[in-house]
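1. coords below, sequence missing:
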């Protein structure tokens, strides 16, 4: 269960960082089934079923509601909070893209796209091009799985199979990306898997590739003490035991907890962007999805959603 990150590690959809994409898709599938759903992702369940993680498929189990009812209250609250957070996050970035295309942007880049199905499920205006960057095996799995179900993109979709630690700008341009056109960039569920200096390099390259009027949005995470990380690990183990979920990965081992990581809003504002941040807690409360959990007293335990426009 202790996956160790290295500078040249790689993965498919069922291992290491790749398997976290299955977690997110499973949460979107669960949200889609709710009568009060904030988002609709009709392809999430297709992408999760048979992914082979041996872990996140539990989210699709129809008996999960009964397990939650029988679970210890703290475990049930943590599970519900995790699902609510993913729903709110997806809702926020869906709205970001809607605003971007309403402003006339027709070039979209999703960094570390995972099992993001926005190229297939959102109502893109004619002429929109969506570029998805991720590990080759991850992109291959998604495309093949959706093709098996005769699901087609609603935009002109371009796969960019490259690791973000490699020369991804060159690979992006090879697929037809035009740096002279305004672009809407998304870094969702990505930055915590990069060291702080790699995060800076990522946004430096995004800035270089962005024409005036471009936009970027990102999910950021604060620094956690090692004590907090161990507490989170133990709480997740308890939560998994309560719900009968097999633990095949350690989320804390997959992320980089860099104390010197730049604040994304501040970094962007200092590098030619006009950026603002919306704290996840505030967004969850606004949408009626906040649940008090043990970490609620630590704002750094929750993300900030950043949106910026290039001046």
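-> Cool, got the structure. Worth saying up front: this structure is predicted, and the values here are computed from it rather than measured. Numbering: from 1, shown residues only.

2. And the strands in this protein?
-> With DSSP state E as the definition, the chain shows strands at residue ranges 107-111, 129-134, 156-161, 183-187, 215-220, 273-279, 304-310.

3. so where's the stretch 1-150 of the chain uncertain?
-> 1-18, 51-72 (pLDDT under 70).

4. how about the strands of the chain in CSV, adding distance to residue 92 and mean neighbour count?
-> C-beta coordinates here come from the backbone N, C-alpha and C atoms, glycine included. Output for the strands of the chain, formatted as CSV (distance: least, C-beta to C-beta, whole Å; neighbours: other C-beta atoms under 10 Å):
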stretch, distance to residue 92, mean neighbour count
strand 107-111, 15, 24
strand 129-134, 18, 24
strand 156-161, 22, 19
strand 183-187, 11, 24
strand 215-220, 8, 23
strand 273-279, 7, 17
strand 304-310, 5, 22
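
5. Quick one: closest of those to residue 82.
-> In terms of C-beta to C-beta, the element of the strands of the chain nearest to residue 82 is strand 215-220, at 14.4 Å.

6. now the closest one against strand 304-310, angle please.
-> 160 degrees (axes from the mean of the first three to the mean of the last three C-alpha atoms, to 10 degrees).

7. what is the mean pLDDT for strand 215-220?
-> The average pLDDT within strand 215-220 is 98.

8. tell me the angle that strand makes with strand 107-111.
-> Going by the same axes, to 10 degrees, strand 215-220 makes 20 degrees with strand 107-111.

9. Pull the residues that contact strand 215-220.
-> Surrounding strand 215-220, the residues in contact under the criterion C-beta atoms under 8 Å, 6 or more residues apart in numbering are 89, 93, 96, 100, 103, 105, 182-191, 203, 206, 210, 263-265, 268, 273, 277, 303-310.

10. Okay, now the unreliable bits of the stretch 201-311 of the chain?
-> Checking the stretch 201-311 of the chain against pLDDT under 70 turns up 222-240, 242-253, 295-299.
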